[in-house]
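Trainee: Model the structure of this input:
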Amino acid sequence: MIIKRIYFMVGRILGFFENRKTNTTIVKRNVRYNIGKVNMHSSYIDDLIPQAVTIGENFVSSINSVILAHDASLYNHIGKHRIEEVIIGDNVFLGTGVIVLPGVKIGDGAIVGAGAVVTKDVKPYTVVIGNPARYHCTVEEYIERCKSKNVLFDTPESFKKYYENSLSQTEIDEFQTKYLEEKRR
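Mentor: Here you go, the predicted model:
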């Protein structure tokens, strides 16, 4: 029962559920955080203190990833929030369902695997996975593993538009067709 209450409390705070006491919908505040050129960004960025989040160039994140700069767990005890800056470097990728906690720095070129909970800094050009996120390998080692498994393929030229958030359905179909054709080889 307590877990269910916490689930709905967090959901209301994040704006996913209605406030049952007043029957009004929570309105999300204007999000103001520092971010470079965004390629594909699907993260929820802390909207209580977005000014404490800095994201570099060419950031790519998958669905349901969350970046938090605050922790309200002490509020009921001492009436205070913990706030620590989150800094995400250039060319960083966050997989589906990644949670980045307050005070974390993620270095340039890092890859954070799906479902990882990032509680500590991530070094540049490394791959981290798990809960809590832990070092898996360097990006170069990851590339070599993918090459050895023969799972890398050249993307269509038109797919560069993906990094401008302007792909058409035709171009997405082209990408999927090319992948399926190369997979059959």
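Trainee: what mean pLDDT would you report for the longest helix along the chain?
Mentor: Criterion DSSP state H: the longest helix present in the chain is helix 169-184. Confidence over helix 169-184, taken as the mean pLDDT, stands at 73.
Trainee: ok, residues contacting the strand or helix carrying Val60?
Mentor: When elements are assigned from DSSP states H and E, Val60 belongs to strand 59-61. Strand 59-61 is contacted by residues 35-36, 38-43, 88, 90-94, 98 when judged by C-beta atoms under 8 Å, 6 or more residues apart in numbering. In this view, the C-beta of every residue, glycine as well, is placed from N, C-alpha and C.
Trainee: looking at the chain, which helix or strand is least sure?
Mentor: For the chain, the helix or strand with the lowest mean confidence is strand 24-25, at a mean of 33 (criterion: mean pLDDT, DSSP states H and E).
Trainee: Paired strands for the helix or strand that that one is followed by, with orientation please.
Mentor: Next along the chain after strand 24-25, taking DSSP H and E as the criterion, comes strand 34-35. Using DSSP bridges, strand 34-35 pairs in its sheet with strand 53-55 (parallel).
Trainee: So what touches the partner strand?
Mentor: Contacts of strand 53-55 from elsewhere in the structure, counted by C-beta under 8 Å, 6+ apart, are 33-36, 38, 45-46, 67, 69, 85-88, 92.
Trainee: Only the buried subset of those, as a PyMOL command please.
Mentor: Isolation of the buried members of those (16 or more other C-beta atoms under 10 Å) is achieved in PyMOL through the command below:
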select buried, resi 33+35+38+45+46+67+69+86+87+88+92
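Trainee: Of the contacts of strand 53-55, which pair is most distant in space?
Mentor: Using C-beta to C-beta, the pair of the contacts of strand 53-55 lying farthest apart is Val38 and Glu85, separated by 19.1 Å.
Trainee: And for Phe59, the neighbour number?
Mentor: 22 (other C-beta atoms under 10 Å).
Trainee: What distance do you get for it to Val86?
Mentor: When distances are taken as C-beta to C-beta, to the nearest Å, Phe59 and Val86 turn out to be 12 Å apart.
Trainee: what's the answer for Leu48, then?
Mentor: Here Leu48 is placed at a distance of 13 Å from Val86 (C-beta to C-beta).
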